[in-house]
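1. Give me a model of this one.
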Amino acid sequence: MTVTGSTSGLPPELLSLSWLIGTWVGVGVGGYPTVGDFHFAQEVTFASDGRPFLSYSSRAWLLDADGNRVKPLAVESGYWRPRPDNHVEVLLAHPTGFAEVWIGEVTVSEIADATVTGARVELRTDVIARTSSAKEYTAGHRLFGLVDGELMWVYDMAAVGQPLTSHLSARLKKA
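-> Okay, the predicted model is just below:
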């Protein structure tokens, strides 16, 4: 894969993830059998410092019925590490007492003018570590996609005695 522009200085390992780089903002919806439905705002940043991984941070805020931020929600940070054959490892830490290792695969479906314009990453938890004060959480599945220039994602979770169930989804635009 050949890329130009802002991704031209990236290590070759990051080319299949180059479409993620930047700050993305937007809104999403959430819910769970143990939690009522809600809307949230989110800001996600993927960045490269020239080494063969992406740093990642995400912040979310609960929204009221008028779309105003009410209070902070989830925060997570970590690293996305591309592996051979379009595989990826993701390490995430949460202030609520969790650390996760996710494994998955990157699929680039469309390239136009040396820029990735269609792609997806599918991830599943491999390891979940939690502190003694953290809620029970046993499995996760995430899907990220670049569709029409927007980052869309969904997150299914198994926690607090519930099976793998839809939990969150969002549609984000490049800031």
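2. all strands in the chain, in order from the N-terminus.
-> Assigned by DSSP state E, the strands in the chain fall at 22-32, 35-47, 54-63, 69-83, 87-94, 98-112, 115-130, 137-147, 150-159, 165-174.
3. Tabulate the ones you listed (CSV), appending distance to residue 13.
-> From N, CA and C alone the C-beta is placed, and that goes for glycine too. As requested, the strands of the chain are exported to CSV (distance: least, Cβ to Cβ, whole Å):
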stretch, distance to residue 13
strand 22-32, 18
strand 35-47, 14
strand 54-63, 10
strand 69-83, 5
strand 87-94, 10
strand 98-112, 11
strand 115-130, 14
strand 137-147, 18
strand 150-159, 21
strand 165-174, 22
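4. Of these, give the one that comes closest to residue 12.
-> Checking these against residue 12 by Cβ to Cβ gives strand 69-83 as the closest, at 9.3 Å.
5. And for the closest one, what's in contact with it?
-> When contacts are defined by Cβ atoms under 8 Å, 6 or more residues apart in numbering, strand 69-83 is touched by residues 13-14, 16-17, 20, 40-41, 46, 52-64, 88-96, 106.
6. now the residues you listed: which count as buried?
-> 14, 16-17, 20, 40-41, 46, 53-54, 56, 58-63, 88-92, 94, 106 (16 or more other Cβ atoms under 10 Å).
7. gap between residue 110 and residue 151?
-> Distance, residue 110 to residue 151, by Cβ to Cβ, to the nearest Å: 15 Å.
8. Kindly provide the distance from the nearest residue to residue 137 once chain neighbours are set aside to residue 149.
-> Nearest non-adjacent residue to residue 137, counting by Cβ to Cβ, 6 or more residues apart in numbering: residue 159, 4.2 Å away. Relative to residue 149, residue 159 is positioned 32 Å away (Cβ to Cβ).
9. So for the two, which residue has more residues nearby?
-> Applying other Cβ atoms under 10 Å to residue 159 and residue 149 shows that residue 159 carries more neighbours, namely 19 against 10.
10. check contacts around the more buried one.
-> Applying Cβ under 8 Å, 6+ apart, the residues near residue 159 are 32, 135, 136, 137, 138.
11. how much space between it and residue 91?
-> From residue 159 to residue 91 the distance is 19 Å (Cβ to Cβ).
12. what is the mean pLDDT for stretch 64-71?
-> The average pLDDT within stretch 64-71 is 97.
13. And that stretch, end to end?
-> 9 Å (Cα to Cα, to the nearest Å).
14. ditto for stretch 143-159
-> In stretch 143-159, first residue to last residue: 18 Å (Cα to Cα).
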